[in-house]
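>>> With the input below, show me the fold.
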Amino acid sequence: MDGRGEKLKAIRDELLGNDRLPLYGYRTENKYFPVAGEGNHYAKILFIGEAPGKNEAMTGRPFCGAAGRVLDQSLSEAGIERGEVYITNIVKDRPPENRDPSPEEIEAYAPYLDRQIETIKPRVIATLGRFSMDYVMRRYGLEKAIKSITAIRGTVFKADILGNETFVVPLYHPAATIYDQSKRAILKADIKMISDLVQNEN
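Sure thing, here's the model as predicted:
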């Protein structure tokens, strides 16, 4: 085996103990957990959100609240088991009051995400929301293609990650679809498209 499980566990353990992280104090004051991510260490599809919410911070699991139910339903309708994919966020601790992550927080936590991507080696990176879209596209040389998420969601971009051709696909964040049924239908269609993209390569 290539040690992926050990590498991902090391990332989780480092997150747990790194008291220099900008949200470490807020985490410990509230008895929250860091949310490293979960799923298949050999996943072909990696979903990246922005930051954990309260439910996630209380359990240590990504996307386990209302937005998670939307994501789970969208995966199911695309014929994907949640356990087949890997789900994480850029920022691994909950920001206060569920505010947007700051640039400093993204910078501090992003190296953990980079290591997860390099370890899992997904075929498709599906970004959920504008913060993860912006970070991933800039990180992997797609900054010139960045537009509003409405303009480029569902678009398949190609990136070279450690010599591997990887598809990057921006998606709406599931939370954005809770009060907008039109976006929910689009999210489901985009996830089905990603599923078909992976299946067609088999």
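>>> Now do the same contact list for D100.
Applying Cβ atoms under 8 Å, 6 or more residues apart in numbering, we find D100 in contact with E50, F131. Heads up, the C-betas are built off the backbone N, CA and C, glycines and all.
>>> so where do the helices sit in this protein?
4-17, 24-29, 54-59, 66-77, 103-120, 130-139, 149-152, 181-199 (DSSP state H).
>>> State the distance from the closest residue to H41 other than its chain neighbours to L187.
For H41, ignoring the flanking residues on the chain, the nearest one in space by Cβ to Cβ, 6 or more residues apart in numbering is R4 at 4.2 Å. To L187, R4 is 28 Å away according to Cβ to Cβ, to the nearest Å.
>>> So which of the two has more stuff around it?
Neighbours were counted for R4 and for L187 using other Cβ atoms under 10 Å; L187 has more, 24 against 15.
>>> residue closest to the middle of this structure?
In the chain, the C-alpha nearest the mean C-alpha coordinate belongs to I48, at 1.1 Å (Cα atoms, centre = their mean).
>>> Which positions are bridged to that one in the beta structure?
T88, T127 (DSSP bridges).
>>> That one reaches Y86, doesn't it?
No: at 9.2 Å, I48 does not count as touching Y86 under the criterion of Cβ atoms under 8 Å.
>>> To R94, which of the helices of the chain lies closest?
helix 54-59 (3.8 Å; Cβ to Cβ).
>>> and that closest one, which residues are buried?
N55, E56, A57, M58 (16 or more other Cβ atoms under 10 Å).
>>> Using CSV, write out every CA atom in it.
Below are the C-alpha coordinates for helix 54-59, written out as CSV (Å, rounded to 0.1, in the frame of the first residue of the first chain):
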residue,chain,number,x,y,z
LYS,A,54,-21.5,24.4,14.0
ASN,A,55,-22.8,20.9,13.3
GLU,A,56,-19.5,20.0,11.7
ALA,A,57,-17.4,21.5,14.4
MET,A,58,-19.4,19.7,17.1
THR,A,59,-19.0,16.3,15.4
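>>> of the buried residues of helix 54-59, closest to R69?
Closest to R69, out of all of the buried residues of helix 54-59 and judged by Cβ to Cβ, is N55, at 10.4 Å.
>>> Could you give the number of residues near the closest residue in space to Y135 that isn't next to it in sequence?
Nearest non-adjacent residue to Y135, counting by Cβ to Cβ, 6+ apart: I90, 5.6 Å away. Neighbour count for I90, taken as other Cβ under 10 Å: 25.
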